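[1] any chance you can model this:
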Amino acid sequence: MDLHFGDSKPTDEERAAVDALLGPPRSSWEGADRSDADLRWARGGREARGRRDLLLPGLHAVNDRVGWISEGALDYLCRRLTVPPAEAYGVATFYAMFSVRPRPATVLHVCTDLACTAAGAQDLCAGIEAGLGPGSGVHVERGPCLGLCERAPAALAVRAGDPVRTAVAAPATVGGAVLAARAPDSAAQEPPAAEAVPQAGEKGLLLLRRVGVVDPSSLDDYRAHGGYAALREAFALGPAGVIREVTDSGLAGRGGAAFPTGRKWQATASQPDRPHFLVCNADESEPGTFKDRVLMEGDPYALVEAMTIAAYAIGAHRGYLYVRGEYPRAISRMQYAVDQARARGLLGDDILGQDYAFDIEIRRGAGAYICGEETALFNSIEGYRGEPRAKPPFPVEKGLFGKPTVENNVETLVNVLPILTMGAPAYAAIGTSGSTGPKLFCVSGAVERPGVYELPFGATLGELLELAGVRNRLRAVLLGGAAGGFVRPDELDVPLTFEGTREAGTTLGSGVVMAFDDTVPLPRLLLRIAEFFRDESCGQCVPCRVGTVRQEEALHRIAERTGAAAAEDIALLREVGRAMRDASICGLGQTAWNAVESAIDRLGAYE
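    Numbers count the residues shown, from 1 in each chain. Here you go, the predicted structure:
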């Protein structure tokens, strides 16, 4: 390990932010003010290196307190953790929500992704910048999806300080966004999570049945509505019995890959290497996806209970909940739920008197779509750049900290609760033989009632859009988000199952359903998708790093050319797309061409 520190010193505020997380330094090597200490060797270096995973929380601590990460603050954090400054700089510059250059304490993140672009985000940005004026002390950041697609366009204001303050404006107006930036505490309150669930309160719901019905802050209310019945059933069945129920239910991962959950749990539980870890992936950064946010905001104890069951089944005693940094309310709700569950004996050393120990630590992302990939997420937690790892070995063998790990997203885990309370056969009877159970769909765009919908697998796209109130002049529907594909208005009989969408030449993905009418210029949407993948590529592998740039360049040229010249660029796009699909190390590069290809072939985007 090669450590090179500069001469820059942290300010008192920066030092206080780091010390609040790590505790006071114990030696001059770590930054303590002791003139009699000998700096020729490091004391406690091995112990400090064991805390490398606190690098990301440390960067958050400084960024939250000051608004950016100075060289002095970075050097001080690196001394405390014995991390080479060059490596820490690489981590700090990897995430969009951090800055290593001076900027105002208030940052206004304005979403310019697909749903918000269709809702007029570009005009909103121009109006906000004009409304704030020069010297406003607010940095306006145009960025990717904020996960508020049902209320597009959206903006998130973050004001550094102790404590950090946040405010959401959605649907955002110029006045509302300016107020959120200038006075976060005075901005309008966010609506309850139930407003994002048009079906809230309806009978027959399984995953959304408590959203809008229970008080999300009340553990007693949660238990009064069936909470922790599934965990008691899990303890009665034992770990092997829980895995058998999940396997027999046919539950497949809801994050997009659709891997059988029971097989993943069994493979991890059978590994002799210890300890085992559980990671809940709540970094849903796919444009158009917001279901996990709604679950965490509206029914947080359900996720705590589901994570406890999963950990019990695989023999894990520690779990990590990785939530995207753009979800301040979800993070707050989940932290409160974890704290309350721990205080009531539902997390900790002896859960429900069953001599089983498990606890959850919440980790906050910082704006990196790639961290939704499981191995990139592991690297992020461990304090490295969020770059995917080569597989094999697979996470069930060597995952987080090199140990056997199960990674599931929020929706997948919450499905475990009805599996245990109603039994695997009853759960498997919902949906189809190849896609069992209920599915959550994130509907946004040109519909009257955007939000999260729960339907059994097998319902058609047309039935879902009818529930949401699709508007006239439908031009196209994007399934699966930016990594998905478009379908035409005459293809709404596509069954919403893993196998049905596959046969139709598209993908279900994580459940994004984004409708566009003929007022939205399709080439502009495709260019935004290309910009998204260019920005979010981690740059680790050549096919993705170069291919996403070439794809965007070609789409820019096509927008300005016609005829044979445009045909040449479309042919180039196909060649680049095949290279990315075949040779990229992870799903980002492998799917970066999907939506553009489907728009060209199914919608005739450039005819």
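
[2] list the contacts for Ser598?
    Ser598 makes contact with Gly485, Phe486, Val487, Gly505, Thr506, according to C-beta atoms under 8 Å, 6 or more residues apart in numbering. Using the backbone N, CA and C atoms, a C-beta is placed for each residue, glycine as well.

[3] 7 Å instead?
    Ser598 is in contact with Gly485, Phe486, Thr506, counting by C-beta atoms under 7 Å, 6 or more residues apart in numbering.

[4] can you lay out those residues as TSV showing secondary structure, distance to Ala567 and neighbour count?
    Supplementary listing: the contacts of Ser598 in TSV, determined by DSSP: H, G, I helix; E, B strand; the rest coil; distance: C-beta to C-beta, whole Å; neighbours: other C-beta atoms under 10 Å:
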residue	secondary structure	distance to Ala567	neighbour count
Gly485	strand	22	24
Phe486	strand	20	28
Thr506	coil	25	24
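
[5] any chance you could map the strands in the stretch 501-607 of the chain?
    512-517 (DSSP state E, counting those that start in this stretch).

[6] where does pLDDT dip in it?
    The stretch 501-607 of the chain contains residues with pLDDT under 70 at 562-565.

[7] next: the chain.
    Along the chain, segments meeting pLDDT under 70 span 1-3, 33-49, 562-565.

[8] what about the strands in it?
    106-111, 138-143, 155-159, 165-169, 276-282, 316-323, 359-364, 405-409, 438-445, 451-456, 474-479, 485-487, 512-517 (DSSP state E).

[9] Leu206: which of those strands is closest?
    If you check each of those against Leu206 by C-beta to C-beta, strand 438-445 wins as the nearest, at 5.2 Å.

[10] could you figure out how far the closest one is turned away from strand 512-517?
    Per axes from the mean of the first three to the mean of the last three C-alpha atoms, to 10 degrees, the angle that strand 438-445 makes with strand 512-517 is 30 degrees.

[11] strands paired with strand 438-445, and their directions?
    Paired with strand 438-445 in the same sheet, following DSSP bridges, are strand 451-456 (antiparallel), strand 512-517 (parallel).

[12] closest one to Pro191 among these?
    strand 451-456 (11.2 Å).

[13] the closest one: which residues count as buried?
    Within strand 451-456, the residues that count as buried by 16 or more other C-beta atoms under 10 Å are Gly451, Val452, Tyr453, Glu454, Leu455, Pro456.

[14] return the member of these nearest to Arg210.
    Of those, the one sitting nearest to Arg210 (C-beta to C-beta) turns out to be Glu454, at 11.9 Å.

[15] report the central residue of this protein.
    Nearest to the mean C-alpha position of the chain, by C-alpha atoms, centre = their mean, lies Asp283 at 1.6 Å.

[16] for that one, give me its contacts.
    Going by C-beta under 7 Å, 6+ apart, Asp283 touches Tyr322, Arg324, Gly365, Cys371, Gly372, Leu377.

[17] same question for Ser249.
    By C-beta under 7 Å, 6+ apart, the residues touching Ser249 are Ile419, Ala424, Tyr427, Ala428, Thr436, Gly437.

[18] for Ala429, see how far away Gly458 is.
    Distance, Gly458 to Ala429, using C-beta to C-beta, to the nearest Å: 12 Å.

[19] ugh, typo on my part, it should be Val549
    Relative to Ala429, Val549 is positioned 48 Å away (C-beta to C-beta).

[20] cool, and Ala172?
    In terms of C-beta to C-beta, Ala172 sits 43 Å off from Ala429.

[21] so these two - more neighbours on which side?
    Neighbours per residue, other C-beta atoms under 10 Å: of Ala172 and Ala429, the larger number sits with Ala172, 30 against 14.

[22] state the number of residues packed around Phe259.
    By the criterion of other C-beta under 10 Å, Phe259 has 12 neighbours.

[23] also Glu597?
    Close neighbours of Glu597, defined as other C-beta under 10 Å, add up to 16.

[24] my read: it touches Val576, true?
    No. Using C-beta atoms under 7 Å, Glu597 is not in contact with Val576; the gap is 10.7 Å.

[25] quick check: nearest residue in space to Pro24, chain neighbours excluded?
    Using C-beta to C-beta, 6 or more residues apart in numbering and skipping the chain neighbours, the partner closest in space to Pro24 is Ala32 (7.3 Å).

[26] I'd like the contacts of Ser249 as a markdown table, with neighbour count and distance to Cys145 appended.
    Formatted as a markdown table, the contacts of Ser249 follow (neighbours: other C-beta atoms under 10 Å; distance: C-beta to C-beta, whole Å):
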| residue | neighbour count | distance to Cys145 |
| --- | --- | --- |
| Ile419 | 28 | 30 |
| Ala424 | 19 | 35 |
| Tyr427 | 25 | 31 |
| Ala428 | 16 | 33 |
| Thr436 | 24 | 29 |
| Gly437 | 22 | 26 |
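
[27] for those, which one is nearest Ala17?
    Nearest to Ala17 among these is Ile419, at 42.9 Å by C-beta to C-beta.

[28] ok, so of the contacts of Asp283, who is nearest Ala306?
    Proximity of those to Ala306 (C-beta to C-beta) peaks at Tyr322, which lies at 15.2 Å.

[29] what's the local residue count around the closest residue to the closest one other than its chain neighbours?
    Nearest non-adjacent residue to Tyr322, counting by C-beta to C-beta, 6+ apart: Arg363, 4.9 Å away. Residues near Arg363, counting by other C-beta under 10 Å, number 20.

[30] isn't Arg363 up against Glu382?
    No. Contact criterion C-beta under 7 Å: Arg363 and Glu382 do not qualify, at 10.3 Å.

[31] and the helices in the stretch 251-400 of the chain?
    Ranges of helices in the stretch 251-400 of the chain, per DSSP state H, counting those that start in this stretch, are 261-269, 291-298, 300-314, 328-343, 374-382.

[32] relative to helix 300-314, how tilted is the fourth one?
    Just to be clear, that refers to helix 328-343. Between helix 328-343 and helix 300-314, the angle comes out at 60 degrees (the same axes, to 10 degrees).

[33] what are the buried residues along helix 328-343?
    Pro328, Ala330, Ile331, Ser332, Arg333, Met334, Gln335, Ala337, Val338, Gln340, Ala341, Arg342.

[34] same question for stretch 92-111.
    Buried residues in stretch 92-111 (16+ other C-beta under 10 Å): 92, 94-100, 104-111.

[35] then stretch 366-382?
    Residues 366-381 are the ones in stretch 366-382 that count as buried (16+ other C-beta under 10 Å).

[36] which among the residues you listed gets closest to Pro495?
    Proximity of the buried residues of stretch 366-382 to Pro495, judged by C-beta to C-beta, is greatest for Gly372, which lies at 25.8 Å.

[37] test my guess that the closest one contacts Ala282.
    No. In this structure, Gly372 is not within contact of Ala282 by C-beta under 7 Å, at 9.5 Å.

[38] still on that earlier bit, mind listing what the residue nearest to Tyr322 touches?
    Counting by C-beta under 7 Å, 6+ apart, Arg363 makes contact with Leu56, Tyr320, Tyr322, Ile381.

[39] for the second one, which residues are in contact?
    By C-beta under 7 Å, 6+ apart, the residues touching Tyr320 are Val279, Glu361, Arg363, Ile381.

[40] run the last query once more with 8 Å
    By C-beta under 8 Å, 6+ apart, the neighbours of Tyr320 are Phe277, Leu278, Val279, Cys280, Ile360, Glu361, Ile362, Arg363, Ile381, Leu400.
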